[in-house]
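Participant: structure of the sequence below:
(2 chains)
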Amino acid sequence: SQTIHQWPATLVQPVGSPLSLECTVEGTSNPNLYWYRQAAGRGLQLLFYSVGIGQISSEVPQNLSASRPQDRQFILSSKKLLLSDSGFYLCAWSSGRTEAFFGQGTRLTVV
Amino acid sequence: QKEVEQDPGPLSVPEGAIVSLNCTYSNSAFQYFMWYRQYSRKGPELLMYTYSSGNKEDGRFTAQVDKSSKYISLFIRDSQPSDSATYLCAMSSYNFNKFYFGSGTKLNVKP
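Facilitator: The predicted model follows:
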């Protein structure tokens, strides 16, 4: 069966510090991968999605970037965090023919 | 206009009630429809997945899609306190590259 791992679960970072969130998927190959952000009490905002290694589509211009160095690895990064980057970050995968499955999320607080 | 509209609630019902959750959408290209349940501080988990118009039943849950009205519903029968969560609708077109989410409806089932 397929599983998705996302870490860390919580993170507190100072303004201006770098960020790296990692997501890996097991039990499937060539998945579509997604990064979403969820503000408190709000819906999911798609940040990036990838349909293959090295292929990244950005949905929202912002202080973040994404990379896919391996088939089942998706990384969300920032060089300098802003207060507005605080939120709940969710990684998801899809086979490209079915629904999306989510990781447990990372709660990021920028202080 | 948002692609997907969902009443944020909160919706409060007594235990045992029938719950109706709804979403409307504007893009006629959407073919696949999903409902997710999200507990506080957790990632969304898939509840139901349907293709095109019609009904699908799974235990206490029934999903309905009316493509002519661009309207989808999730019914929960015999609601339980453990059903208290935020429910997100989601949809995708045939290529599954992107998923469009509603903002979520917060449900509280009172014992």
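Participant: tell me the contacts of residue B:5?
Facilitator: Contacts for residue B:5 (CB atoms under 8 Å, 6 or more residues apart in numbering or on different chains) come out as B:23, B:24, B:25, B:102. Where C-beta positions appear, they are placed from N, C-alpha and C, glycine not excepted.
Participant: for chain A, state which of these is nearest.
Facilitator: Within these, distances to chain A taken as CB to the nearest CB reach their minimum at residue B:102, with 6.0 Å.
Participant: from residue A:28, how far out is the closest one?
Facilitator: 26 Å (CB to CB, to the nearest Å).
Participant: please identify which of those two sits among more neighbours.
Facilitator: Neighbour count, other CB atoms under 10 Å in any protein chain shown: between residue B:102 and residue A:28, residue B:102 has more, with 27 against 16.
Participant: which non-adjacent residue is nearest the more buried one?
Facilitator: residue B:6 (3.0 Å; CB to CB, 6 or more residues apart in numbering or on different chains).
Participant: contacts only, for that neighbour.
Facilitator: A:43, B:21, B:22, B:23, B:88, B:89, B:102, B:103, B:104, B:105.
Participant: and stretch B:95-108, which residues are buried?
Facilitator: By 16 or more other CB atoms under 10 Å in any protein chain shown, the buried positions in stretch B:95-108 come out as B:96, B:98, B:99, B:100, B:101, B:102, B:103, B:104, B:105, B:106, B:107.
Participant: pLDDT score for the last one?
Facilitator: With respect to pLDDT, residue B:107 scores 96.
Participant: for beta bridges, what are the partners of it?
Facilitator: residue B:11, residue B:85 (DSSP bridges).
Participant: how about the contacts made by the most centrally placed residue in chain A?
Facilitator: Central residue of chain A (CA atoms, centre = their mean): residue A:35, 3.3 Å from the mean position. Contact analysis of residue A:35 by CB under 8 Å, 6+ apart lists A:23, A:46, A:47, A:48, A:49, A:66, A:74, A:76, A:89, A:90, A:91.
Participant: partner strands of the helix or strand harbouring it, with direction?
Facilitator: Residue A:35 is part of strand A:32-38, with elements assigned from DSSP states H and E. Sheet pairing of strand A:32-38 (DSSP bridges) gives strand A:44-52 (antiparallel), strand A:87-94 (antiparallel).
Participant: can you tell me which of those strands is nearest to residue A:109?
Facilitator: Distance to residue A:109, taken as CB to CB, is lowest for strand A:87-94 among those, at 8.9 Å.
Participant: mean confidence for the following helix or strand past the closest one?
Facilitator: As assigned by DSSP H and E, the chain's next helix or strand after strand A:87-94 is strand A:101-102. Per-residue pLDDT over strand A:101-102 has a mean of 95.
Participant: pick out the most distant pair among the contacts of residue B:6.
Facilitator: Within those, A:43 and B:22 form the most distant pair, 14.8 Å apart (CB to CB).
Participant: out of those two, which sits in the busier spot?
Facilitator: A count of neighbours by other CB under 10 Å puts residue A:43 above the other of residue A:43 and residue B:22, at 20 against 16.
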